[in-house]
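**Q** next input, structure requested:
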Amino acid sequence: MSNVRGMEFFRPLVPGTLIRRYKRFLADVRLDDGTEVTSHCANPGAMTGLADPGTRVWLEPNDDPKKKLKYGWRLVELGGGHWAGIDTSVPNRVVGDALRAGEIPGISGEVRPEVRYGTNSRIDFLVTGDGPDTYVEVKNVHLRRTGDFAEFPDSVTSRGAKHLEELGKVVSAGGRAVMLYLVQRTDCSRLGFAADIDPVYAATLERAVTAGVEAMALTCHIGPKGVGIAGAVPVTLPGGPPVVAAEEKA
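**A** Okay, here's the model as predicted:
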């Protein structure tokens, strides 16, 4: 994280070894000093390849009396100097900070989070300024099955498909809509879509992009100190060549 703007963790992370993840939101971890703790896993997805017993993980401790669990699982150490972030609340913090700092290519203006729109929906960020209002929806990505391809989603997401439909309506009404995928892995330089896992999402995405929704993918710098935007990478729609030649961030 040296010389990189981004989100810093509130407290220094502590390393350990994953014993097991269970009930989606719980993980037992053996810390390096031998202590066994139960950590909150802020991720409802499949976490394919990231939750195997024996995995090297990093936890954030807390002393909040309102929290039953005193640790939160934040990172997986992948080997070869690479990292993955597993906390699905991190992307909105990282993207929000980057938007407010004007660090995301092609998007600038006043930033408002969690604005109501569509049918019982909230957009992650509404950016207003010169030109049409820009609606930015953020998704966390950490699935990798082959090469340097990150993929979304890692499990069926009807909610994600609904967001795409809502963004399509924004474009139809004259607004700008951006579906922004934050790749929380440092070993990926492209984004594709797992149509075999969720064919409905893949088909909905193709329709949304055809309707004018912009698909953007950003990668991260990740380490025990925090997470920050690294740069934009190409997006490939299901079954096709790259359709979004993302601007490389300086």
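**Q** every contact and neighbour count from this point should use C-alpha atoms.
**A** Noted.
**Q** right, and Leu164 touches Glu206 too?
**A** No: if you go by C-alpha atoms under 8 Å, Leu164 and Glu206 don't touch, sitting 9.6 Å apart.
**Q** check contacts around Ala42.
**A** 25, 72-73, 86-89 (C-alpha atoms under 8 Å, 6 or more residues apart in numbering).
**Q** got any ranges where this protein has weak pLDDT?
**A** 1-5, 239-250 (pLDDT under 70).
**Q** centroid residue for the protein?
**A** Asn140 (1.9 Å; C-alpha atoms, centre = their mean).
**Q** what's the nearest residue to that residue if we skip its chain neighbours?
**A** Nearest non-adjacent residue to Asn140, counting by C-alpha to C-alpha, 6 or more residues apart in numbering: Leu182, 5.3 Å away.
**Q** returning to that earlier point: mind putting the contacts of Ala42 into TSV with secondary structure?
**A** Shown next, in TSV, are these (DSSP: H, G, I helix; E, B strand; the rest coil):
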residue	secondary structure
Phe25	coil
Gly72	strand
Trp73	strand
Ile86	coil
Asp87	coil
Thr88	coil
Ser89	coil
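**Q** highest neighbour count among the residues you listed?
**A** With neighbours taken as other C-alpha atoms under 10 Å, the top of the contacts of Ala42 is Trp73, carrying 28 neighbours.
**Q** related to what we said a few turns ago, export the helix or strand where the residue nearest to the centre of the chain lies to PDB, keeping only CA atoms.
**A** Using DSSP states H and E, Asn140 sits in strand 134-141. C-alpha atoms of strand 134-141 as PDB (Å, rounded to 0.1, in the frame of the first residue of the first chain):
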ATOM      1  CA  THR A 134     -24.300   8.900 -13.200                       C
ATOM      2  CA  TYR A 135     -25.700   5.900 -11.400                       C
ATOM      3  CA  VAL A 136     -22.800   3.700 -10.100                       C
ATOM      4  CA  GLU A 137     -23.600   0.100  -8.800                       C
ATOM      5  CA  VAL A 138     -20.600  -1.700  -7.300                       C
ATOM      6  CA  LYS A 139     -20.000  -5.500  -7.200                       C
ATOM      7  CA  ASN A 140     -17.300  -7.400  -5.400                       C
ATOM      8  CA  VAL A 141     -15.300  -9.900  -7.500                       C
END
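**Q** correct me, but Ala150 touches Leu182?
**A** No: if you go by C-alpha under 8 Å, Ala150 and Leu182 don't touch, sitting 10.0 Å apart.
**Q** got the domain boundaries for this structure?
**A** Per automatic domain parsing, the domain ranges recorded for the chain read 7-84, 90-244.
**Q** highest mean neighbour count out of those?
**A** With neighbours defined as mean count of other C-alpha atoms under 10 Å, the domains of the chain peak in mean count at domain 90-244, which reaches a mean of 19.
**Q** just the C-alpha atoms of the biggest helix by length in the chain, please, in CSV.
**A** If you go by DSSP state H, the chain has its longest helix at helix 158-172. Output of helix 158-172 as CSV, limited to C-alpha atoms (Å, rounded to 0.1, in the frame of the first residue of the first chain):
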residue,chain,number,x,y,z
SER,A,158,-31.0,-12.7,-8.6
ARG,A,159,-30.4,-9.4,-6.8
GLY,A,160,-27.5,-8.6,-9.1
ALA,A,161,-29.8,-9.3,-12.2
LYS,A,162,-32.4,-6.9,-10.7
HIS,A,163,-29.7,-4.2,-10.4
LEU,A,164,-28.8,-4.6,-14.1
GLU,A,165,-32.5,-4.2,-15.1
GLU,A,166,-32.8,-1.1,-12.9
LEU,A,167,-29.7,0.4,-14.5
GLY,A,168,-31.1,-0.3,-18.0
LYS,A,169,-34.2,1.8,-17.0
VAL,A,170,-31.9,4.6,-15.9
VAL,A,171,-30.3,4.7,-19.4
SER,A,172,-33.8,4.6,-21.0
